[in-house]
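Q: I would like to see how this sequence folds:
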Amino acid sequence: HVQLVESGGDSVQAGGSLRLSCAVSGYINDGACVGWFRQSPGKEREGVAALYPGGGTRLYADSVKGRFTISRGNADTVYLQMNSLKPEDTAMYYCAAKALCDGSWEGFNYWGQGTQVTVS
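A: Numbers count the residues shown, from 1 in each chain. Below you'll find the model as predicted:
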């Protein structure tokens with residue numbers, strides 16, 4: 001049974017930074033893909049960043065390239081460092097995982113409960 005628990009959401013001013021954490025527990029194979037998604041009211045959920053096994057390859061949405069960085073702290077924690085935050089980054093952020101990375105935002109079948117980020 002896989003569990004993903006997000007933390008680190010907060011309210012910040014535009015231009016500020018936050019680091020979100022995703023604690024992963026339960027079995028995920030060594031090739032698992034871990035990603036961050038976000039959803040704001042009235043909008044569809046969108047992929048933000050994904051981390052391939054080994055940490056060598058990362059996938060980013062165009063809207064966050066150069067500002068957000070996904071990384072793995074240890075075997076059980078994945079971070080999303082968010083810099084130069086904008087009001088449009090305001091959303092509930094979710095950590096998610098799937099068995100294999102394939103370069104797409106589809107197929108993530110394990111999800112956390114989310115952590116709120118508000119930028120004003």
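
Q: each with direction, which strands does the helix-or-strand element of the chain with minimal mean pLDDT pair with?
A: Least confident helix or strand, the chain: strand 68-74 with a mean of 90, by mean pLDDT, DSSP states H and E. Applying DSSP bridges, strand 68-74 is found paired with strand 77-82 (antiparallel).

Q: next structured bit after the strand it pairs with?
A: Where DSSP states H and E defines the elements, the next helix or strand beyond strand 77-82 is strand 91-98.

Q: mean confidence (pLDDT) on that following strand, please.
A: Mean pLDDT, strand 91-98: 96.

Q: for it, list the C-alpha coordinates in CSV.
A: Output of strand 91-98 as CSV, limited to C-alpha atoms (Å, rounded to 0.1, in the frame of the first residue of the first chain):
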residue,chain,number,x,y,z
ALA,A,91,-3.2,26.2,-6.0
MET,A,92,-3.5,23.0,-4.1
TYR,A,93,-0.4,21.0,-4.8
TYR,A,94,-0.4,17.2,-5.0
CYS,A,95,2.3,14.6,-4.9
ALA,A,96,1.7,11.6,-7.1
ALA,A,97,3.4,8.5,-8.3
LYS,A,98,3.2,5.9,-11.0
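
Q: packing partners of it?
A: strand 3-7, strand 18-25, strand 33-39, strand 110-111, strand 115-119 (3 or more Cβ pairs under 8 Å, 6 or more residues apart in numbering; DSSP states H and E). The way it works is simple: take the backbone N, C-alpha and C, and place the C-beta from them, glycine included.

Q: partners of the third one, with directions?
A: Take DSSP bridges as the rule and strand 33-39 pairs in its sheet with strand 46-51 (antiparallel), strand 91-98 (antiparallel).

Q: now that strand, how far from the chain's geometric center?
A: 4 Å (Cα atoms, centre = their mean, to the nearest Å).

Q: contacting residues for the most centrally placed residue in the chain?
A: The chain has residue 36 as the residue nearest its centroid, 2.0 Å off, counting by Cα atoms, centre = their mean. Taking Cβ atoms under 8 Å, 6 or more residues apart in numbering, we find residue 36 in contact with 20, 22, 47-50, 70, 78, 80, 93-96.
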